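Sequence and predicted structure below; questions after.
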Amino acid sequence: MKLVLNTPGLYLCKRGECFQIKDDNGKNEISARKVEQILITTSAALSTDAIELAIENNIDIVFLKGTGQPLGRVWHSKLGSITTIRRKQLFLEDTSLGVKLVKEWINEKMHMQVNLLSKLAMNRRDDRREMIKEANEKIKKQIENVKSLPENKKVHEVRNSLQGYEGTSSRIYFQILGTLVPSKYAFSGRSRNPALNEFNCILNYSYGILYSSVEKSCILAGLDPYIGIMHTDNYNKKALVFDLIEMYRGYMDEIVFNLFSRKKIEESFFDRVEDAYYLNKEGKKALISEYNKKLEKKIKYRGRNIEFANIIQFDCHRIANRILKEEKMC
């Protein structure tokens, strides 16, 4: 589970092998073995003993901005694996494996878009089903476009094409998704920070949580989160995290969509400043509660029954192994 501190004045300390949370209403204890990550979204105090307990149990402590984007983290100083992986990462942008990996990641994202829209079509009227079917056919066309790109090129030679196909797919996807939410919350497309509507507001925050999970999984697998393939290097930019997160956005899309379709969203979840929406404490609590429920579910993934919480870690180790086995990296 993710332990979330989002109430001002909380104090997190250690008691035995448990984290103890103190506030004006009393104390609550949670075993460190049950905690995957600690997210701090507001002013809180931590004891050094609690930080040490987290480090000893491979639990990272993540400080989040109001938008859900990670601001900083407390993490152990180990690499997570041998340095050979990181050395070989440097050459991926110029190898066929690099192009192959990027194509797989983008196609995975598009397939998830198709799958979610197909699920949503099942309980819709015939005219809505036809509209979703047409959208899916357009996305499938982009999938074929990505597949058709040659793998004997360098990434920079196909980057613009990949970004174009991915961007077209996402525009189609969010345009149709915006018509399927309850009419009160309908939207016409993606708006990032700041969000211009309630759906994108929660979605942005959910992607922030996902971002921190992907970074953690990279580190544990020995991958360098700063050495990307599709996304270019920039100062303090975790390019590989931006690459990998594409595969998992669909899970967050479904969680957020279900919150709206099951009428679990309240107007009180949002603070509005001019035309922008910001998720407040109650909204974050509702989202993270649904996310924690999802973490515990087992799903069929790449031929295995695996807990949702372990999918990203499983993939990062698989990617690291492929990089290590690549014979020629130059």
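Alright, I've got the coordinates. Residues are numbered from 1 along each chain as shown.

Now T7: closest residue in space that isn't a chain neighbour?
Taking C-beta to C-beta, 6 or more residues apart in numbering as the measure, T7 lies nearest to D23, with 6.3 Å between them; neighbours along the chain are not counted. All C-beta atoms are positioned from the backbone trio N, CA, C, and that covers glycine.

number of nearby residues for that neighbour?
D23 has 14 neighbours, counted by other C-beta atoms under 10 Å.

Same question for I51.
When neighbours are counted by other C-beta under 10 Å, I51 registers 17.

Now do it against S213, distance only.
Note on I51: its distance to S213, by C-beta to C-beta, to the nearest Å, is 20 Å.

Equivalent analysis for E254, please.
Here E254 is placed at a distance of 16 Å from S213 (C-beta to C-beta).

Domain parsing of the protein, as residue ranges.
The record's domain split for the chain, according to automatic domain parsing, is 2-74, 84-325.

Quote the end-to-end distance of the last one.
One end of domain 84-325 sits 11 Å from the other (C-alpha to C-alpha, to the nearest Å).

What is the distance between that domain and the centre of its chain?
Centre-to-centre, domain 84-325 and its host chain are 6 Å apart (C-alpha atoms, centre = their mean, to the nearest Å).

quick one, what contacts the residue nearest to T7?
Taking C-beta atoms under 8 Å, 6 or more residues apart in numbering, we find D23 in contact with T7, G9, L10, Y11.

If the closest residue in space to the second one that isn't next to it in sequence is in a bridge, with which residues?
It refers to G9. By the measure of C-beta to C-beta, 6+ apart, the closest residue to G9 outside its immediate chain neighbours is D23, 6.2 Å from it. Each beta-bridge partner of D23 is listed here: G26, as defined by DSSP bridges.

pLDDT below threshold where in the chain?
66-69, 77-82, 233-236, 327-330 (pLDDT under 70).

That one: helices as residue ranges?
Remark: helices of the chain, listed N- to C-terminal, are 48-56, 84-89, 96-121, 126-148, 155-180, 198-221, 239-244, 249-261, 281-295, 311-325; assignment by DSSP state H.

Would you convert the ones you listed into JSON lines that also reports distance to H231?
Formatted as JSON lines, those follow (distance: least, C-beta to C-beta, whole Å):
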{"stretch": "helix 48-56", "distance to H231": "29"}
{"stretch": "helix 84-89", "distance to H231": "13"}
{"stretch": "helix 96-121", "distance to H231": "10"}
{"stretch": "helix 126-148", "distance to H231": "16"}
{"stretch": "helix 155-180", "distance to H231": "9"}
{"stretch": "helix 198-221", "distance to H231": "12"}
{"stretch": "helix 239-244", "distance to H231": "4"}
{"stretch": "helix 249-261", "distance to H231": "14"}
{"stretch": "helix 281-295", "distance to H231": "25"}
{"stretch": "helix 311-325", "distance to H231": "15"}
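
Nearest approach to K65 belongs to which of these?
Each of the helices of the chain has some distance to K65 by C-beta to C-beta; the shortest is helix 198-221, at 7.4 Å.

That closest one to helix 311-325, inter-axis angle?
With axes from the mean of the first three to the mean of the last three C-alpha atoms, to 10 degrees as the criterion, the two stretches helix 198-221 and helix 311-325 enclose an angle of 40 degrees.

For helix 198-221, buried residues please.
Along helix 198-221, the positions that meet the burial threshold by neighbour count (16 or more other C-beta atoms under 10 Å) are 198-221.

Which positions in stretch 41-58 come out as buried?
Under the neighbour-count criterion of 16+ other C-beta under 10 Å, stretch 41-58 has T41, T42, A44, L46, A50, I51, L53, A54, I55, N58 buried.

Identify, from these, the entry nearest to A286.
Nearest to A286, judged by C-beta to C-beta, of the buried residues of stretch 41-58 is T41 at 13.2 Å.

pretty sure the closest one is touching P70, no?
No - in this structure T41 lies outside contact range of P70 using C-beta atoms under 8 Å: 10.9 Å.

Need the overlap of contacts for these two.
Residues touching both T41 and P70 comprise L64, with contact defined as C-beta under 8 Å, 6+ apart.

what about stretch 34-42, start to end distance?
Across stretch 34-42, the straight-line distance between its terminal residues is 22 Å, by C-alpha to C-alpha.

So which of the helices of the chain is nearest G228?
Scanning the helices of the chain with C-beta to C-beta as the criterion, the closest one proves to be helix 239-244, at 2.5 Å.

What are the contacting residues of that closest one?
With contacts defined as C-beta under 8 Å, 6+ apart, helix 239-244 is touched by 89, 102, 105, 211, 214-215, 218, 223-233, 312, 315-316, 319.

same thing but 7 Å
102, 105, 211, 214-215, 218, 223-233 (C-beta atoms under 7 Å, 6 or more residues apart in numbering).

swap in stretch 299-318?
Outside stretch 299-318, the residues that touch it by C-beta under 7 Å, 6+ apart are 36, 213-214, 217-218, 220-221, 223, 248, 294-298.
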